[in-house]
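1. fold the following, please.
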Amino acid sequence: MPWTKAARREYRRDMPRYTSDLTDREWDLIERFMPPPRRMGRPRIG
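-> As a prediction, this is how the structure comes out:
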């Protein structure tokens, strides 16, 4: 697909794709309230 002005306007990502998407700043605010990872089970990836 060529990147025409119309295509760029359609596919730009100025805002989150989903209402549940968080910015890095928002994650920084809520990260301390997240429970620590559990030691049992499959290890986390990422």
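2. burial of residue 22, as a residue count?
-> 12 (other C-beta atoms under 10 Å). The C-beta positions use only the backbone N, C-alpha and C, and glycine is treated the same way.
3. helix, strand, or coil at it?
-> What DSSP: H, G, I helix; E, B strand; the rest coil gives for residue 22 is coil.
4. mind checking how far it is from residue 13?
-> 14 Å (C-beta to C-beta, to the nearest Å).
5. with residue 19 instead?
-> Applying C-beta to C-beta to residue 19 and residue 13 gives a distance of 15 Å.
6. which helix or which strand is home to residue 27?
-> Residue 27 belongs to helix 24-30 when elements are defined using DSSP states H and E.
7. chain center to that helix: distance?
-> Here helix 24-30 is found 11 Å from its chain centre; the criterion is C-alpha atoms, centre = their mean, to the nearest Å.
8. cool, and stretch 23-34?
-> So, by C-alpha atoms, centre = their mean, the centroid of stretch 23-34 is 12 Å from its chain's centroid.
9. where does residue 6 land in three-state SS?
-> Residue 6 ends up helix, using three-state DSSP.
10. change the start of the numbering to 38 and stick with it
-> Noted, 38 is the first residue going forward, which turns the last one into residue 43.
11. residues contacting it?
-> By C-beta atoms under 8 Å, 6 or more residues apart in numbering, the contact list for residue 43 is empty.
12. need the pLDDT of it.
-> The model reports residue 43 with a pLDDT of 83.
13. give the burial count for residue 58, as a bare number.
-> 9.
14. and what of the one 10 residues further on?
-> Neighbours of residue 68 under the rule other C-beta under 10 Å: 8.
15. and what of residue 75?
-> Around residue 75 there are 7 residues (other C-beta under 10 Å).
16. secondary structure element holding residue 46?
-> Using DSSP H and E, residue 46 falls in helix 42-48.
17. rewinding a little: contacts for the helix holding residue 64?
-> Applying C-beta under 8 Å, 6+ apart, the set of residues contacting helix 61-67 is residue 59.
18. 6 Å instead, please
-> Around helix 61-67, nothing counts as a contact under C-beta atoms under 6 Å, 6 or more residues apart in numbering.
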